[in-house]
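> Next comes the sequence, and after it the predicted model I'd like to discuss.
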Amino acid sequence: MNKLLIVSLLALAAAVPAYARNTPVTVTLQSVLDMPEASGKLDGTVKFYLAGSPTPKVVKKFGEDTSNAKTNAFNKSAEAACRWNALSALIKLQDKAKREGANAVIEITSYSEKVPFSSPTDIQCSDGAFLAGIALKGTYATVGK
């Protein structure tokens with residue numbers, strides 16, 4: 001009887017990932033930049049331009065990079081978790097841009113479950129039952145004013 005119970009519990013545990021939620025959530029980049037938390041963390045020395053959005057003249061490119069962020073999604077709306085993750089990813093991109101000598105990150109696309117999402121105004125996150133995540137890919141650049 002104990003063996004049957006153990007086998008049943010193991011089968012149930014193996015089936016749980018099949019029920020895991022993983023929903024794409026879309027928010028505007030501007031809503032992330034407007035977060036009160038962003039004002040203390042994004043200092044304005046690095047600008048962010050999504051793929052397809054108007055970008056000032058590119059003077060120099062420094063190469064591409066990806067920034068990933070995950071957060072506990074428990075007790076948060078999907079949009080709030082997405083914005084929080086996006087802010088974390090943008091902070092990482094800003095810090096690396098400064099180290100590279102860039103004043104912008106251009107051609108930014110987001111990825112949800114390795115599926116690219118490109119919009120001139122929006123980014124996309126992945127909202128799970130317990131974790132939310134985002135991956136942003138962009139190119140470090142110096143742009144004109």
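That came in fine, so what should we check first? Note that the structure is a prediction, hence the values are computed from the model and not measured.
> Is it correct that A78 is in contact with G128?
No. Using C-beta atoms under 8 Å, A78 makes no contact with G128, being 9.6 Å away. In this view, the C-beta of every residue, glycine as well, is placed from N, C-alpha and C.
> overlap in contacts of those two?
Counting by C-beta atoms under 8 Å, 6 or more residues apart in numbering, the shared contacts of A78 and G128 are T23.
> Can you show me the helices along this structure?
2-15, 29-33, 36-41, 78-100 (DSSP state H).
> Need the winner for burial among the ones you listed.
Greatest average neighbour count among the helices of the chain goes to helix 78-100 (a mean of 21), per mean count of other C-beta atoms under 10 Å.
> Output the contacting helices and strands for it.
Here helix 78-100 touches strand 22-28, helix 29-33, helix 36-41, strand 58-72, strand 104-112, strand 122-128, strand 131-143, going by 3 or more C-beta pairs under 8 Å, 6 or more residues apart in numbering; DSSP states H and E.
> Check which helices and strands the fifth one is in contact with.
Other elements packing on strand 104-112 under the criterion 3+ C-beta pairs under 8 Å, 6+ apart are strand 47-50, helix 78-100, strand 115-117, strand 122-128, strand 131-143.
> could you dump the ones you listed to a markdown table with distance to V25?
Putting the helices and strands packed on strand 104-112 into a markdown table (distance: least, C-beta to C-beta, whole Å) gives the following:
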| stretch | distance to V25 |
| --- | --- |
| strand 47-50 | 16 |
| helix 78-100 | 4 |
| strand 115-117 | 11 |
| strand 122-128 | 5 |
| strand 131-143 | 8 |
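> could these be laid out in a markdown table, adding mean pLDDT and distance to K60?
Compiled in a markdown table, those are given as follows (pLDDT from 0 to 100; distance: least, C-beta to C-beta, whole Å):
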| stretch | mean pLDDT | distance to K60 |
| --- | --- | --- |
| strand 47-50 | 98 | 15 |
| helix 78-100 | 95 | 10 |
| strand 115-117 | 90 | 25 |
| strand 122-128 | 92 | 25 |
| strand 131-143 | 95 | 5 |
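> between those, which gets nearest to V27?
Nearest to V27, of all the helices and strands packed on strand 104-112, is helix 78-100, at 5.0 Å by C-beta to C-beta.
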